[in-house]
Structure formats: C-alpha cells, structure tokens
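[1] Following is a predicted model, sequence given first.
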Amino acid sequence: MLKNLNIKFTIFFFLLHIYSYSQEKFTLSGTVTDSISGESLIGVSITVPELQTGTTTNEYGFYSLTLPKGNYNIIVSYIGFTDFNLQIDLSKSITQNISLTENLQELNEVVLTESIYKLNIQKPEMSSNKLSIVTIKKMPVLLGEVDVIKSLLFLPGVTNAGEGQSGFNVRGGAADQNLVLLDEATLYNTSHVFGLFSVFNADAIKDLKLYKGGIPARYGGRVSSVLDIYQKDGNSNKLSVNGGIGLISSRLLVEGPIVKEKASFLFAGRGSYAHLFLKLTDNKNSAYFYDLNTKINYKFNKNNSLYLSGYFGRDIFSLHKSFTNTYGNSTLNLRWNHLFSDKLFSNASLIYSDYYYGLKLDFIGFNWDSNIQNYNFKYDLKHYLSDKLTLSYGTQLTKYDLNPGTIDPIDEDSSINYKQLDKKHAFELAFYAEAEQNLTKKLAISYGLRYSLFHRLGSSTINYYDNNQAVIYNEDLKIYEKATPTSTKYFGRNKTIAKYSNFEPRFTVSYAINDNQSVKAGYNRMTQYMQLVSNTASPTPLDVWTPSDNYIKPQIADQVGIGYFRNFNNGNYTLEVESYYKKVKNRIDYIDGADLIANEAIEQVILNGEMRSYGLELLVRKNVGKLNGWVSYTLSRSEQRTPGRTATEIGINNGNWYRSAYDKTHNLAVTGSYQLNEKWTFGSSFTLQTGQPVTFPTGKYVFQGVTVPSYNSRNENRLPAYHRLDVSATLTPKKKEKHKYDREWVFGIYNLYSRYNAASINFRQNQDTGNNEAVRLSIFGIVPSVSYNFKF
C-alpha cells in the first residue's frame with residue numbers, strides 16, 4: 001500500500017510540475033498615449049480576446065497584464081480613437097508603449113468599440129459615469145461657455161438647486177457632500193459668478209469621472225460622491241495653441257515641449273469682460289472672473305516622471321462705494337510617478353489647496369477675510385499581480401487650517417474694532433487597501449477597506465455646557481434655544497480637542513450573464529469629517545466650513561445599490577438601470593432662526609440629525625452614428641429627520657421625516673447631437689424635473705403692529721416644475737491650404753421657448769391693495785449666444 005501510495009504522489013507532483021511549467025507567465029506593460037500630442041490616455045481598454053480578459057490604463061496611462069506564455073492578439077480601444085491591434089509573442093516580459101491615432105472622420109461622434117463595452121460589462125464597477133471632453137463641448141451651454149459641472153446634470157441621479165445655483169447634488173445629497181478633485185487637489189467651490197459657470201476650463205481638462213456609489217477605497221472625506229478631474233499634461237511633440245472668443249469671456253491655451261518627448265508645459269487662461277461694457281455706460285459696478293491652469297512635467301527615464309500642476313481662480317463682484325466681494329480657489333500639486341517593476345506602479349503627491357473669501361464693506365468701513373487651507377500628502381501603489389488580480393493600497397495625510405473670519409477696519413478712525421474669530425485646525429490620516437479580482441469568466445469582485453483617523457486640534461477656546469448640550473429645549477414655548485456655556489477651556493496649538501476613527505468597507509460584485517449583459521451590486525461606507533455650515537439650498541461664497549468636534553459629529557453614510565447593464569448591437573446602444581438606498585448619520589440640521597454668519601459658537605444652533613435617499617436610475621445611450629446621445633431618468637426621494645433627544649423634546653419638524661432641499665422626485669434629461677455633414681453639427685438638450693422643495697407661509701398674525709408669517713412643516717411645498725430646451729449649431733469651415741489653423745463657430749440658444757423657471761417665490765403685502773401676493777423670481781428667459789474657437 002505504501003509503495004503504491006508513493007508512486008501516486010510521485011506521479012501527482014510530476015504532473016503538477018508540468019502544469020506549472022505550462023502555466024509559465026510573463027508581463028506585458030507600458031503606457032498608452034495620443035500619437036499627436038504625446039498626452040497619456042486614461043481608461044484605455046486593453047483586451048485579450050483569446051483569454052477573454054483585459055485591463056485599463058490608470059490615471060497616468062500605465063497598464064500591466066500578466067498572462068501565460070503564448071501568442072496573443074491585443075486590442076487597444078479608446079473613445080474617439082482608432083482601434084490598435086497588436087500581435088504579441090509573450091515568451092518573456094515585454095514593455096510595449098502604444099500610441100493611438102485620433103479618429104478624425106468620426107471626431108464629432110462618441111466613438112466606442114465593442115471591446116470597450118464588453119470590458120465595462122464585466123468590470124466590478126457601478127454607479128459611475130465618465131464623460132469625454134468632446135461630448136461636453138457638443139452640449140448647448142449658457143452664453144457659449146462650455147461648462148463641465150452643468151454637463152453632469154444630464155446624468156441620472158445628478159441635479160442642482162436650480163438655475164444660476166452653484167454646486168451639484170448627487171442622489172439626494174448636499175453639494176458639500178461631494179468630493180471634487182482637480183489633479184488630486186480638493187476644490188471647495190466649483191462655480192464662477194455665484195453659480196452661472198463652473199471653475200473648469202474645458203480646454204485644459206483631459207479626463208473626468210463621477211462616482212455616485214461603489215466608491216473605491218482610495219477616496220474618502222465625503223459621503224455622497226467623488227468627481228475626479230485630471231488636467232492635460234501638455235503637448236510633448238509640438239507647440240500648440242487653441243482658444244475661443246465668446247460674448248462674455250475668452251480663453252487661450254498654450255502647450256508644447258520643453259524637451260521633445262521628455263518634458264512639456266501647459267498654460268491656460270480664461271477671463272470674462274462683461275464688466276467692461278458696464279463702464280461704457282457710466283455704470284461703476286463690476287462683476288467678472290478669471291482662472292489660470294498650469295502644468296509642467298518631466299520624464300527622467302522610463303521609471304520616473306515628475307509633474308507640477310496648479311490652478312488659480314478668482315471672482316470679483318463690486319457695487320460702487322458699497323462693497324467688493326472676492327473669492328476663489330488656489331491649488332498646487334507636485335507628483336512623482338515611480339515604476340518599481342512592470343507590475344508595481346506608485347505615485348507620491350504633495351498637494352496644497354486654498355479657498356479664499358473676502359468682503360470689503362465700504363459703507364461700514366471694514367474688511368472681512370476667511371479661508372480654508374489644506375496641506376496633503378498622498379502615496380498610492382498599484383500592484384498588477386496577474387490578469388485576474390490587481391491590488392491598490394496607500395495612505396493619505398491631510399492638515400486643515402481654517403480661518404472662519406478676520407474683521408479688519410479700513411481706516412484708523414473707523415468705529416469697527418479689529419477682531420479675529422478663533423482659527424480652527426484639524427488633522428486627518430487614512431490608510432486603504434483594495435483589490436479587483438476576476439473569480440471566474442463571469443464573476444468579478446472589487447473589495448476594499450479604508451481606515452480614517454481624525455483629530456480636531458487647537459488652538460481654540462471650547463465652550464462646555466450642562467449635560468454636554470449646546471442647544472436646550474424650552475418645554476413651555478416648544479422651541480429650541482441656545483444654551484449658556486457653563487465654562488470654557490483653551491486648547492493650545494496642536495492639542496487634541498476631539499478625535500474620531502472609522503473603518504469604511506467597500507464592496508462591488510459583477511456577474512456577467514453573457515458578453516452583453518451583467519448584473520452588479522455594491523455597498524460602500526463613507527465618512528465626512530469636514531462640514532459646511534449653510535442653511536441655503538446651494539453653496540454660497542459666504543458659507544463657512546468647520547471640522548467635526550465635541551458637538552458636530554462626523555457624517556457617516558451607508559449606501560447599497562443593484563443594477564442591470566446591457567449592450568445592444570455590439571455596443572452601439574447601452575442600457576443601465578440602477579437602484580440605490582443611502583442613509584447618512586449625523587447630518588447637520590439647524591434650529592429655527594439659526595444665525596450662522598460670524599457665529600463663534602456655531603454648536604448653539606446645530607443639532608445632529610439623519611438623512612436618507614433612495615431611487616431608481618435609468619440611462620439609455622446611442623453611442624455611434626451621425627445621431628448620438630442619451631436619455632436619463634431618475635425617480636427618487638431624499639428626506640431628513642432630526643428627532644428629539646428625549647421623550648419630551650419634539651425635535652425639528654416635530655421629529656418627522658421631511659423633504660430635503662435637494663429632493664427632486666422626477667428628473668428627465670435628454671441630450672444629443674447630429675452631424676449633418678463635415679461642416680454642420682447640431683446639438684440639443686432638454687431637461688424636466690420636479691420643483692425644488694420650499695416652505696411657504698400658511699398664515700399670518702400681527703404682533704405690535706408688525707405682520708409676521710406663520711409656517712407648518714418644513715419643505716412641504718414645491719416650486720413649479722422646471723423645464724428647459726437648449727439648442728446649438730456648430731459650423732466648421734473647410735480648412736484652406738494656406739491656413740495653418742482649424743476654426744469653428746458655435747451658435748446657441750439657451751432656453752429656446754423662454755420658460756421663466758422660478759428660482760424662488762416670495763410673499764409680500766401689496767402696498768396699494770393691502771392683499772398678500774406671491775412674487776416669482778426668474779433668472780433667465782431666452783438667451784442667444786455665439787462663440788468662435790480656433791486651434792493651430
């Protein structure tokens with residue numbers, strides 16, 4: 001028996017040895033770039049049909065595939081570029097850099113290939129949307145100004161507070177619950193001119209992706225979504241200039257090589273000049289914006305690259321001899337890419353971010369300055385273990401310095417005294433690890449864990465209250481009131497005032513029914529330690545950020561989702577259906593009559609509540625052909641509740657759930673473009689959505705001769721339904737031989753049928769009749785535009 005058993009073991013290990021040898025594996029790796037500009041391309045699909053496997057390039061155009069020894073046909077596909085086929089004899093590890101050629105014949109289409117969509121169907125990723133800049137530039141816009149943020153509003157699950165409002169809302173969340181990154185740097189305000197335009201110059205943007213759910217573990221700090229935007233690197237092959245002239249603003253971008261194919265630069269500037277026309281009419285008021293994008297990169301060798309990028313933007317709004325308002329973002333990012341091997345990619349980043357808000361009040365005689373600064377270090381590694389398993393892991397350290405406000409008199413004779421509100425400081429540290437794994441040909445999973453640690457730091461003076469409650473409940477009047485501090489304590493610089501730590505698991509699973517159909521499900525937990533103190537429906541420049549502390553708890557969101565995805569006609573059409581449920585703990589709510597501006601004891605008007613949202617999203621795309629675009633529809637509900645802390649307290653809104661300010665039951669968006677011929681392309685967009693929740697007065701009473709309105713439940717009313725149709729036409733004249741530049745004219749009409757959508761409804765007493773009346777405020781009627789774009 002022992003002899004026979006020994007023979008069997010010998011045969012087993014012999015066969016295992018042969019199998020291992022036959023499964024000898026090698027790695028195919030490299031970068032994918034644009035053949036004309038040398039720009040690295042993000043999210044390029046590299047597929048291997050023989051093994052029904054593949055990968056995509058990372059944020060720096062790098063890819064890595066480890067495969068068994070053999071001969072393979074590699075298909076490289078990317079939106080708007082011609083497919084690249086490569087025959088590989090993989091008998092050793094190979095570095096293969098690939099250049100893709102732009103598909104000029106179909107430049108005005110959303111060009112997609114079958115292999116791209118097969119990979120997307122199988123990928124364990126959901127609740128994310130990626131838009132190309134080509135697509136965004138074809139959408140009709142206000143006053144001819146291409147707007148990255150406004151384009152997101154045509155995606156399912158994305159809305160905003162209304163026309164001319166800043167920020168955006170994702171799946172019923174607030175605008176401050178979105179993490180917006182530009183080259184990894186956090187932006188705290190994404191709008192120019194109080195929400196009319198976004199801060200992103202589309203000419204300088206290379207790639208953007210919105211995560212609404214299933215958010216990877218490498219992201220943290222917000223509970224609703226992540227908008228990750230990357231700037232162009234700069235043309236490393238030749239000098240290139242492009243720009244545009246519009247009715248209210250113009251822009252110019254210059255890029256080119258410093259050392260050909262080794263180092264390049266990019267500089268982009270944009271500014272508005274509508275205020276100049278005011279001066280021609282002797283109007284001394286002013287309103288304008290400008291922004292600058294810069295980037296320099298240098299490739300030391302095939303394993304090391306350095307990037308330095310920055311952004312600076314400002315808005316200036318001035319009423320003559322009354323006040324001047326200045327606000328904007330500044331960012332600076334130094335990144336080092338290092339390739340340890342053909343399987344291990346790393347990126348280290350040093351990031352600075354600043355959001356400034358200033359107010360000069362001439363009629364009172366003082367300046368108001370506030371800002372929030374971030375100092376951030378990130379180190380990320382991506383390990384391509386095999387074609388079946390990829391690991392990502394890293395760490396992030398962030399230091400926050402917040403100045404809630406500095407009051408400085410304009411002159412020495414002013415009756416206003418200098419005052420510095422307590423500056424606030426915080427420190428956040430996070431570690432994460434995540435994996436993407438193909439378990440079988442049909443089943444793939446993505447799973448990860450993020451651990452975050454947050455410390456609120458001094459120097460600050462902290463108030464203490466009876467029962468640790470900064471808000472007390474008046475049982476006689478049935479209202480919440482500010483508590484009186486019983487004592488105070490000063491915390492020196494870097495002394496810990498409060499600390500929190502949280503584990504944030506993430507998980508997504510994808511099951512491919514076949515090459516064209518899949519079902520996916522996911523769960524993610526997110527924690528947000530920085531809070532926006534605002535009781536408006538959309539952010540304003542005056543809003544103040546504050547870190548979590550003894551009284552303001554960090555928001556914690558749990559979201560689950562499930563979806564069905566299908567390709568039709570080899571990816572010419574795609575269908576995405578998703579359902580989600582999200583619950584947020586410790587959502588800030590405000591007591592009635594809360595005063596937020598320059599409040600040094602903000603905890604006295606805040607209660608910690610909860611929020612929930614749920615919905616169904618539908619997205620149908622037509623991806624190729626002369627006519628392309630998409631239809632999206634969202635059916636959703638977003639609610640908030642702040643119950644009483646004890647049995648005797650009524651809570652906010654009697655402790656009942658009420659509609660959040662971002663609740664839109666129905667949201668329909670249609671956008672498309674039609675290429676008539678080589679000269680003319682037409683675009684159109686239509687949106688229809690439920691009106692924004694508001695609270696209207698239900699009665700009135702007179703107190704000491706003053707008429708005072710009375711209200712019932714919060715947000716029980718709505719503004720009228722919002723709808724709008726925009727159209728555009730792009731004329732691209734035939735390029736003449738003597739001309740060395742391309743040009744185009746873009747004609748647009750915003751709000752074609754001049755619908756006066758309500759931005760707000762106010763109630764007042766008519767001075768002539770004495771009757772109460774409702775007054776609708778609308779911002780735009782029909783708005784025509786024309787702009788001229790050029791490139792050489």
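    Here it is on my side, so go on. Numbering: from 1, shown residues only.
[2] Tell me the spacing between the nearest residue to G167 once chain neighbours are set aside and E59.
    Computed as CB to CB, 6 or more residues apart in numbering, the closest residue to G167 that is not its neighbour in sequence is A175, at 3.0 Å. Bear in mind the C-beta positions are built from the backbone N, C-alpha and C, glycine included. In this view, A175 and E59 are 25 Å apart by CB to CB, to the nearest Å.
[3] Among those two, which residue is more densely surrounded?
    More crowded of A175 and E59, by other CB atoms under 10 Å: A175, with 26 against 21.
[4] so the more buried one makes contact with F168?
    Yes. A175 lies in contact with F168 (CB atoms under 8 Å); the separation is 6.3 Å.
[5] which residues are in contact with both of the two?
    N160 (CB atoms under 8 Å, 6 or more residues apart in numbering).
[6] residue ranges for the helices of this structure, please.
    Assigned helices in the chain, in chain order: 2-22, 114-122, 133-137, 148-152, 274-280 (criterion: DSSP state H).
[7] Return the member of those having the minimum mean pLDDT.
    Of all the helices of the chain, helix 2-22 carries the lowest average pLDDT, namely a mean of 44.
[8] Pull out the buried positions in the longest strand along the chain.
    Using DSSP state E to define each element, the chain has its longest strand at strand 389-409. Residues 390-394, 396, 398, 400, 402-407, 409 are the ones in strand 389-409 that count as buried (16 or more other CB atoms under 10 Å).
[9] And for stretch 123-142?
    Buried residues in stretch 123-142 (16+ other CB under 10 Å): 123-129, 131-142.
[10] Could you do stretch 371-379 as well?
    371-374, 376, 378.
[11] TSV for those residues, including distance to D549?
    Output for the buried residues of stretch 371-379, formatted as TSV (distance: CB to CB, whole Å):
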residue	distance to D549
N371	19
I372	15
Q373	18
N374	18
N376	21
K378	25
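[12] Can you tell me which of those end up in strands?
    Per DSSP E, the buried residues of stretch 371-379 map to strands at 371-374, 376, 378.
[13] Q675: which of those is nearest?
    Nearest to Q675 among those is K378, at 41.5 Å by CB to CB.
[14] what's near enough to touch the residue nearest to the closest one when sequence neighbours are not counted?
    Distances taken as CB to CB, 6+ apart place S349 nearest to K378, at 4.4 Å, with adjacent residues excluded. Taking CB under 8 Å, 6+ apart as the contact definition, S349 lies against 184, 333-336, 376-380.
[15] L153 too?
    159-160, 168, 669, 687.
[16] What distance do you get for the residue sitting nearest the centre point of the chain to A175?
    Nearest to the mean C-alpha position of the chain, counting by CA atoms, centre = their mean, stands L227 at 2.3 Å. Counting by CB to CB, the separation of L227 from A175 is 11 Å.
[17] Ok, L443 next?
    37 Å.
[18] One more: G220?
    From G220 to A175 the distance is 18 Å (CB to CB).
[19] Count the neighbours of the nearest residue to L618 once chain neighbours are set aside for me.
    Closest residue to L618 apart from its sequence neighbours, by CB to CB, 6+ apart: Y633 at 4.6 Å. For Y633, the neighbour count with other CB under 10 Å is 16.
[20] Pairing partners for Y633 in the sheet, please.
    Beta-bridge partners for Y633, by DSSP bridges, are L618, L668.
[21] Report pLDDT for it.
    The model's pLDDT for Y633 equals 98.
[22] List the contacts of it.
    156, 617-618, 666-669.
[23] Look up how far S510 lies from it.
    23 Å.
[24] Repeat that for N303.
    33 Å.
[25] With T390 instead?
    T390 sits 14 Å away from S510, going by CB to CB.
[26] gap between stretch 352-367 and the chain center?
    26 Å (CA atoms, centre = their mean, to the nearest Å).
[27] ok, and for it, which residues are buried?
    353-361, 366-367.
[28] Could you dump those into TSV and include distance to I205 and pLDDT?
    Output for these, formatted as TSV (distance: CB to CB, whole Å; pLDDT from 0 to 100):
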residue	distance to I205	pLDDT
S353	18	97
D354	21	96
Y355	20	95
Y356	23	94
Y357	25	91
G358	27	89
L359	31	87
K360	33	87
L361	36	84
F366	39	83
N367	34	88
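[29] and of those residues, the nearest to F682?
    Y355 (38.7 Å).
[30] Which residues lie in contact with the closest one in this structure?
    Y355 sits in contact with 187-189, 327-330, 371-372, where contact means CB under 8 Å, 6+ apart.
[31] Which residue comes closest to it once chain neighbours are left out?
    Y188 (3.8 Å).
[32] so the one you found sits right up against I372, yeah?
    Yes. Because the distance of 6.1 Å satisfies CB under 8 Å, Y188 is recorded as touching I372.
[33] Which of the residues in stretch 687-701 are classified as buried?
    By neighbour count on 16+ other CB under 10 Å, the buried set for stretch 687-701 is 687, 689-696.
[34] just stretch 165-182 next, same as before
    In stretch 165-182, counting by 16+ other CB under 10 Å, buried: 165-182.
[35] re earlier: give me the common contacts of Y188 and I372.
    Taking CB under 8 Å, 6+ apart as the criterion, Y188 and I372 both touch 355, 545.
[36] Give the residue spans of the chain that score low on pLDDT.
    Counting by pLDDT under 70, the chain has low-confidence residues at 1-23, 104-119, 278-281, 536-542, 737-739.
[37] bridging residues for L429?
    L397, L453.
[38] before we move on, back to that, please flag which of the buried residues of stretch 352-367 sit within strands.
    Reading strands off the buried residues of stretch 352-367 with DSSP E, I get 353-361, 366-367.
[39] Redo those as JSON lines? Include distance to K284.
    Shown next, in JSON lines, are these (distance: CB to CB, whole Å):
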{"residue": "S353", "distance to K284": "34"}
{"residue": "D354", "distance to K284": "30"}
{"residue": "Y355", "distance to K284": "28"}
{"residue": "Y356", "distance to K284": "24"}
{"residue": "Y357", "distance to K284": "23"}
{"residue": "G358", "distance to K284": "20"}
{"residue": "L359", "distance to K284": "18"}
{"residue": "K360", "distance to K284": "15"}
{"residue": "L361", "distance to K284": "17"}
{"residue": "F366", "distance to K284": "21"}
{"residue": "N367", "distance to K284": "20"}
